[in-house]
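Asker: Everything below, folded, please.
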Amino acid sequence: MYNRLLSLPESSFFLLGSGGTGKSTFLKEALPRAVTINLLEEKTFFAINSKPGAFAEILAATNDGDWVIVDEVQRIPELLNEVHNAIVSRNLSFALCGSSARKLKRSGTNLLAGRALQRYMGPFLPSELGQDFLIDKALTVGLLPVVWMSKSPRETLQSYVALYLKEEIQAEAVVRNLSGFARFLKIASLFHGQVLNAS
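Answerer: As a prediction, the model looks like this:
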């Protein structure tokens, strides 16, 4: 495992970033005693989504001042009202992890009015990889942890891009012409890092 350079805030925070950057792993290691609510688990998601008081019941079992991790918080943005209340009334600290800041902002949900900092986790940095950093590999498959650490990075990258197109672009209707956007990604990768010829 590689140590990320991101430092853990002392108060509640949003940890945002693309899927596969290692947000959940980072939080588990940084906050081993925290109560974890993983909304990626369908059982947990449906239990909380179908019973409005279920989230409050989980929080009621914690002690004042405890840390609580809510993973994939963008799946139920309405939970942020309960989070806000728990921060104010019980002094709980929250690590709110998610891969879609756009969903949170677009849904008009409570973004905690300055009571939670924002942190972003991106791909690996060369300094995080140390001696394992390989420039050829980085230029070929990038530095996304889920791809970098895969036994077959090229296949993992292809699957990741296909999933990204389906989940992030098509599902959220970010662009209407999906095939055109897929072609644009290839062209953008070819010209990435080159000098732009404005003429």
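Asker: contact partners of stretch 66-78?
Answerer: With Cβ atoms under 8 Å, 6 or more residues apart in numbering as the test, stretch 66-78 has contacts from 14, 23-24, 27-28, 31, 33-40, 45, 48-49, 59, 62, 79-80, 83, 86, 92-101, 103-104, 107, 109. Every residue, glycine included, has its C-beta placed from N, CA and C.
Asker: Output that stretch as CSV, nothing but the C-alphas.
Answerer: C-alpha atoms of stretch 66-78 as CSV (Å, rounded to 0.1, in the frame of the first residue of the first chain):
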residue,chain,number,x,y,z
ASP,A,66,-17.1,10.2,17.6
TRP,A,67,-16.1,10.1,13.9
VAL,A,68,-18.6,8.7,11.4
ILE,A,69,-17.8,7.8,7.8
VAL,A,70,-20.6,8.0,5.3
ASP,A,71,-19.3,6.4,2.0
GLU,A,72,-21.0,7.3,-1.3
VAL,A,73,-23.0,10.0,0.4
GLN,A,74,-24.3,11.2,-3.0
ARG,A,75,-26.6,8.2,-3.2
ILE,A,76,-28.8,9.7,-0.5
PRO,A,77,-28.0,13.4,-0.3
GLU,A,78,-31.0,14.0,2.1
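Asker: So what's the gap between that stretch and the chain middle?
Answerer: Computed by Cα atoms, centre = their mean, to the nearest Å, the chain-centroid distance of stretch 66-78 equals 11 Å.
Asker: one step back: just the ones of the contacts of stretch 66-78 in strands?
Answerer: Those of those mapping onto strands are 14, 35-38, 93-98, per DSSP state E.
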